[in-house]
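K.L.:
could you work out the structure for the sequence below:
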Amino acid sequence: MRKPINVAVCAGLLALSIGVSQASLLMKPTYNADLDYQAKMLSGSYDTTLTHPDDILGFPIGHRVATPAKINESIQTWKTQTDRMHVVEYARSHEDRPLHAVFISSPKNLAKMDEILEKLDALSDPRKTSDSKAKQLIDELPAIAWMAYSIHGNETSGADAALTSIYHYAASQDPKIKAMLDDMIIVIDPMMNPDGRDRFAKSLEQYRGTAPNVDDQSLLHRGDWPYGRTNHYFFDLNRDFFYLTQPETKGRVSLINKWRPQLMIDGHEMGPQDTYLMGPPRQPLNFNIAPTVQKWAKTFSIDQGAAFDEKGWRYYTGEWFENWYPGYSNYAEYRGSMHILYEQSRMAEDGVRRPEGTVQTYKEAVHHQFVSTVANLESLHKHSKAMYKDYWEDRKSVLDKDSQYANKTYVVLANNNDSRMKTLVEKLQAQDIEVYVADKSFKAKNAVNHLGKSETRTIPEGSLIIPNRQPEARLLSAIMEFDAQILPETVQEERQKILREGQSIMYDSSAWNLTMMYGLDALTLPTNITDDISPYAASNKAPTKASKDAIAWAVNGDDDASVGFAARLMERGVQVRVIDKETQLGAESLVRGSVVVTITDNPNKPDLISLINETAAETSLSIQNLKTGYGKGDMPEWGGEHFNLLTQPQIAILGQSGTSSNDVGVTWWSLDTHLGIRHSQLDSGAISRTDLRRYNVIIMPSSWTVSDSTVAALKTWVEQGGTLITHDNSTQAFASKDISKVKVVDDILEDAEKYDIALQRRLLAEQSIGKVEDYFATTVQEDVAYPWDDAPKRLSKEDLKKRNAWQKLFMPAGAMVSGDVDTQHWLSFGTSETLPLLYSRQPVLIVPENAEAVVTVGVYSDKKKVKKSKDDEDKTKAIGWYSLPEDRDLHIRMSGLLWPEAAQRIANSAYLTRESLGRGQIIMFSGEPIFRGATLGTNRLLLNAIVYGPGMGTRPNIVL
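P.N.:
Down below sits the predicted model:
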């Protein structure tokens, strides 16, 4: 048995950790009894053939944050020293760090893992398993737990507790532990975000002083931009469990879904002055979580609370923690796992002084996580068989003909955006969701669209058909239903919280439907579609290649990959064009936004064909070989104004302190993922000292502050021909300054009528002109209509200001609203007329007549005509700064919680604007166009702006 470290030695460990070479230069710290946490985590008898974790780390476990390298070293060491462990590397991070799942069980169980997996699969699908067979499987299956820690890299105590737990269960000689491992497979995922943890561990090294620090405001505890929470691309991995954009998540979800754990825990940390939160959550709870799962959450919570009571540790359940958004690690609940969240107050290192004067040490924080782990595993060991029975009964219930999922089918209408459709199918199939394809077109009655309208629609052949009546019905419904349900009393509580405190009880976005996020036209049908459909299979048809007998080559502009095709060809020195109007050249039909390469633009380029084919292969696109440049009928020809010559983008992203690391990271990720072309990241605080002439596109993600010197430098750069793209708070900054003609709603209330007239002008441009002969009268007509003729009595400036201030209170945390798209604008290539927009507490943009509103909030439709008396007239209503015709409806909300006040505030505002400034242009997004890597509909707008902006919206330079 290994001897415990002497307390007197503990007192000097901090000084020893400084290092021998430094000790002669630095003063040793004074002893602090508050930091001398003496409770033991690892007690009992352990197998001495396993190296003790202290000997691998070089310090007592929990004394300091273990680096990713040391955690991996521990795992690699132990797996060679015991037959209780099986290690699976399930992914590699962006920075090439391994992610491991450590399986701990009896040698007997580890030897028959394939057999166990077969039994789990059988139990998960009642369509192929009888009740009697299920009973046999339940008797034979071991309990399975997935224990996962530190998905946020700067929430470190979980991974150190995981290291402690691996050693404890792999090395313990306790007969009770051995008996547990005979009945259980424990899977420990010790470090879910190695890149973020490594970043934070390095910041600890950089800010560590000779004396311990208990001030939670110090950089030692907080780190610095972009902080350690996120992964390499600054993604919050705990929001990615069904979006599946990151390699860490893809590998993890694949293995979790394969093993279908009964229990899944997720070890986190929260504010340093807090205590410890554990499940179960409070309302709102997603309606798709099985009631039995919620029942077991309470049982486990009572046991975990008892373990803390025994130690005298404070804790709480629920309070701020809810389970409505299904994209956390608790996604596994929708597949039948019981999920528990740990939230330990964050100590970072050393410890934190608390209001009562005590210090909670880092080692105690690790101990809390370890005790939670032990308590939950003991609960699972006790209740596993009963949980399996509930799981089986629930799997049967969702397939029942009377199930809430029995008569519902999701349809994604066939389209030309193969890249986006394949991405959707990939995400669904990764969750074991069954996807089919319509073998022929059919008519569907009572189909509900994204706007909530019920209609009869023809479903084209090739549309995706996803019946909700299938084993993963709960998760499928959670991520594909157009509107997640919520209890009336929860809505009431939310509104009261807003009115009383100006705060929300919602912890995350209230809208997340995948088809809306992806900008794909979809329907919900009130029936279970089973006829004339086939299981989805990726096309094995070989793509068409570029041929030498063509005079030009094109790719379909509806496909998102076409933008990457254009960008990558330009980077290879090829001259590229994009068409802004559909045409037909010979036998080939080209949609608006199609990318074209001509032989005329690229003389003396013998490798042109091979470059086109290489780029098409990289982007999985087929080539259209054009044999003529003559347009059919009145359609454009290849030498006219509609074939726009592009300019290679030279891109910079502004980041660093003051910017949103999430928005910077996801923009960076989008460039690398969808384009794969070179770009630079610049320090936004040093713009006035940077040579901006090297770039023709600058992207400014959301920034908390934008200095006057930055604005001045960027204004000069734009005037000289640059394309500036701003997001969210950066847009707010520029719209509030003279650099932009676009304004935020707060600043136009003094002159609302002018902006309303600009709005009416845009709306009239979209409407039919009526009888043409009315426009050819030979005399002056007295009854010419003007937008202001029938204008209602407007609200006073003071009333507008008060209404705007009130409406601000109710801005959403994340709701999906309808976007009306200008389909004649080049920024909207690859986008349909109606585009779902994820809206949050972001600037509300108002566009004057001398700027372009590319996407606006709200889709107009004619009201159903009702019989009116002769005295009745259509009346226009003044809602805010804009007027709303009585004979038209404006559809705003698609999904999520959007209060009427917020809907009124954002209606008719602009989500995407474009305006000229000198030789250049400013393109402004009201929000973040690529939220969490998942809003592919609005991401297409961003890609268009980046790649096509320098050629489409600025004056080209001719190099002599």
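K.L.:
quick one: secondary structure of H339?
P.N.:
strand (DSSP: H, G, I helix; E, B strand; the rest coil).
K.L.:
top helix in the protein by residue count?
P.N.:
helix 362-398 (DSSP state H).
K.L.:
what are the buried residues along it?
P.N.:
Of all the residues in helix 362-398, those buried under the rule 16 or more other C-beta atoms under 10 Å are 362-381, 383-384, 387-388, 390-392, 394-398. Quick note: C-beta positions are derived from backbone N, CA and C, even for glycine.
K.L.:
swap in stretch 694-710?
P.N.:
695-703, 706, 710.
K.L.:
distance from the chain centre to it, please.
P.N.:
23 Å (C-alpha atoms, centre = their mean, to the nearest Å).
K.L.:
that older thread, sitting in helices, which of the buried residues of stretch 694-710 do you find?
P.N.:
Judged by DSSP H, helices contain the following of the buried residues of stretch 694-710: T710.
K.L.:
determine which two of the buried residues of stretch 694-710 are furthest apart.
P.N.:
Of all pairs drawn from the buried residues of stretch 694-710, the one with the longest distance (C-beta to C-beta) is N696 and S702, at 22.0 Å.
K.L.:
out of the buried residues of stretch 694-710, which is nearest to I623?
P.N.:
Nearest to I623 among those is V697, at 26.7 Å by C-beta to C-beta.
K.L.:
pretty sure that closest one is touching M952, no?
P.N.:
No - with contact defined as C-beta atoms under 8 Å, V697 does not reach M952; the gap is 11.8 Å.
K.L.:
got any residues that touch both of these two?
P.N.:
Common contact partners of V697 and M952 (C-beta atoms under 8 Å, 6 or more residues apart in numbering): none.
K.L.:
could you list the low-pLDDT ranges of the chain?
P.N.:
1-24, 865-876 (pLDDT under 70).
K.L.:
so I479, which of the three states?
P.N.:
Secondary structure for I479, judged by three-state DSSP, is helix.
K.L.:
ok, now the one 5 residues further on?
P.N.:
In the three-state summary, A484 is assigned as coil, counting by three-state DSSP.
K.L.:
next, give phi and psi for it.
P.N.:
Phi and psi for A484, reported as degrees, to the nearest 10, are phi -70, psi 140.
K.L.:
one more: the one 5 residues further on?
P.N.:
According to degrees, to the nearest 10, the main-chain angles of E489 amount to phi -70, psi -30.
K.L.:
burial count for the closest residue in space to it that isn't next to it in sequence?
P.N.:
Excluding the flanking residues, the one nearest E489 by C-beta to C-beta, 6 or more residues apart in numbering is Q283, at 7.7 Å. For Q283, the count of nearby residues is 15 (other C-beta atoms under 10 Å).
K.L.:
do A686 as well
P.N.:
12.
K.L.:
now do the one 4 residues further on
P.N.:
The number of residues packed around T690, counting by other C-beta under 10 Å, is 18.
K.L.:
over to M338?
P.N.:
A total of 31 residues lie near M338 under the criterion other C-beta under 10 Å.
K.L.:
ok, T49 next?
P.N.:
T49: 9 surrounding residues under other C-beta under 10 Å.
K.L.:
ramachandran angles for it?
P.N.:
Torsion angles, degrees, to the nearest 10, at T49: phi -80, psi -20.
K.L.:
ok, now D751?
P.N.:
The phi/psi pair for D751 (degrees, to the nearest 10) is phi -140, psi 50.
K.L.:
go through whichever strand or helix holds N644 and flag the buried ones.
P.N.:
Per DSSP states H and E, N644 falls inside strand 643-645. By neighbour count on 16+ other C-beta under 10 Å, the buried set for strand 643-645 is 643-644.
K.L.:
parallel or antiparallel, list what pairs with it.
P.N.:
strand 577-579 (antiparallel) (DSSP bridges).
K.L.:
against D820, how distant is G937?
P.N.:
13 Å (C-beta to C-beta, to the nearest Å).
K.L.:
quick one: the strands in the stretch 651-800 of the chain, in order.
P.N.:
651-655, 679-683, 697-700, 723-727, 743-744 (DSSP state E, counting those that start in this stretch).
K.L.:
ok now the shortest one, how far from the chain's centre?
P.N.:
Relative to the chain's own centre, strand 743-744 is displaced by 27 Å; criterion: C-alpha atoms, centre = their mean.
K.L.:
so what does it touch, helix or strand wise?
P.N.:
helix 728-735, strand 845-846 (3 or more C-beta pairs under 8 Å, 6 or more residues apart in numbering; DSSP states H and E).
K.L.:
hey, which of the ones you listed is tucked in deepest?
P.N.:
Mean neighbours per residue, mean count of other C-beta atoms under 10 Å, is largest over these for strand 845-846, with a mean of 28.
K.L.:
tell me the helix or strand right after it.
P.N.:
Reading on from strand 845-846 to the C-terminus, the next helix or strand found by DSSP H and E is strand 852-857.
K.L.:
what's next to that next one, contact-wise?
P.N.:
Contacts for strand 852-857 (C-beta under 8 Å, 6+ apart): 762, 817-822, 825, 827-828, 835, 837, 839, 847, 892, 906-915, 941.
K.L.:
just checking: what are the partner strands of that strand?
P.N.:
Using DSSP bridges, strand 852-857 pairs in its sheet with strand 815-821 (antiparallel), strand 910-917 (antiparallel).
K.L.:
which is the next helix or strand following the last one?
P.N.:
Moving toward the C-terminus from strand 910-917, the first helix or strand encountered (DSSP H and E) is strand 920-925.
K.L.:
just the angle between that next one and strand 910-917, please?
P.N.:
With axes from the mean of the first three to the mean of the last three C-alpha atoms, to 10 degrees as the basis, strand 920-925 and strand 910-917 are set at 170 degrees to each other.
K.L.:
compute the inter-axis angle for strand 920-925 and strand 723-727.
P.N.:
Going by the same axes, to 10 degrees, strand 920-925 makes 20 degrees with strand 723-727.
K.L.:
go ahead and measure how far strand 920-925 is from the middle of the chain.
P.N.:
24 Å.
K.L.:
just after the longest helix of the chain, pick out the following helix or strand.
P.N.:
By DSSP H and E, the next helix or strand past helix 362-398 is strand 409-412.
K.L.:
each with direction, which strands does that following strand pair with?
P.N.:
As assigned by DSSP bridges, strand 409-412 forms pairs with strand 464-467 (antiparallel), strand 522-525 (antiparallel).
K.L.:
need these in JSON lines (columns: distance to G452).
P.N.:
Formatted as JSON lines, those follow (distance: least, C-beta to C-beta, whole Å):
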{"stretch": "strand 464-467", "distance to G452": "19"}
{"stretch": "strand 522-525", "distance to G452": "10"}
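K.L.:
redo these as JSON lines? Include mean neighbour count and distance to D738.
P.N.:
JSON lines is the format used below for the strands paired with strand 409-412 (neighbours: other C-beta atoms under 10 Å; distance: least, C-beta to C-beta, whole Å):
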{"stretch": "strand 464-467", "mean neighbour count": "23", "distance to D738": "48"}
{"stretch": "strand 522-525", "mean neighbour count": "22", "distance to D738": "43"}
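K.L.:
minimum distance to D215: which of those strands has it?
P.N.:
Going by C-beta to C-beta, the one of those nearest D215 is strand 522-525, 51.6 Å.
K.L.:
adding distance to D531, write the strands of the stretch 651-800 of the chain out as JSON lines.
P.N.:
Formatted as JSON lines, the strands of the stretch 651-800 of the chain follow (distance: least, C-beta to C-beta, whole Å):
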{"stretch": "strand 651-655", "distance to D531": "49"}
{"stretch": "strand 679-683", "distance to D531": "49"}
{"stretch": "strand 697-700", "distance to D531": "48"}
{"stretch": "strand 723-727", "distance to D531": "46"}
{"stretch": "strand 743-744", "distance to D531": "52"}
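K.L.:
among the ones you listed, which comes closest to A791?
P.N.:
Between A791 and those, the tightest spacing by C-beta to C-beta is seen for strand 743-744, at 20.4 Å.
K.L.:
who does the closest one pair up with?
P.N.:
For strand 743-744, pairing defined by DSSP bridges yields strand 845-846 (antiparallel).
K.L.:
got the contact list for the strand it pairs with?
P.N.:
Against strand 845-846 from outside (C-beta under 8 Å, 6+ apart): 731, 735, 742-745, 748, 755, 881, 909-911, 913, 924, 926.
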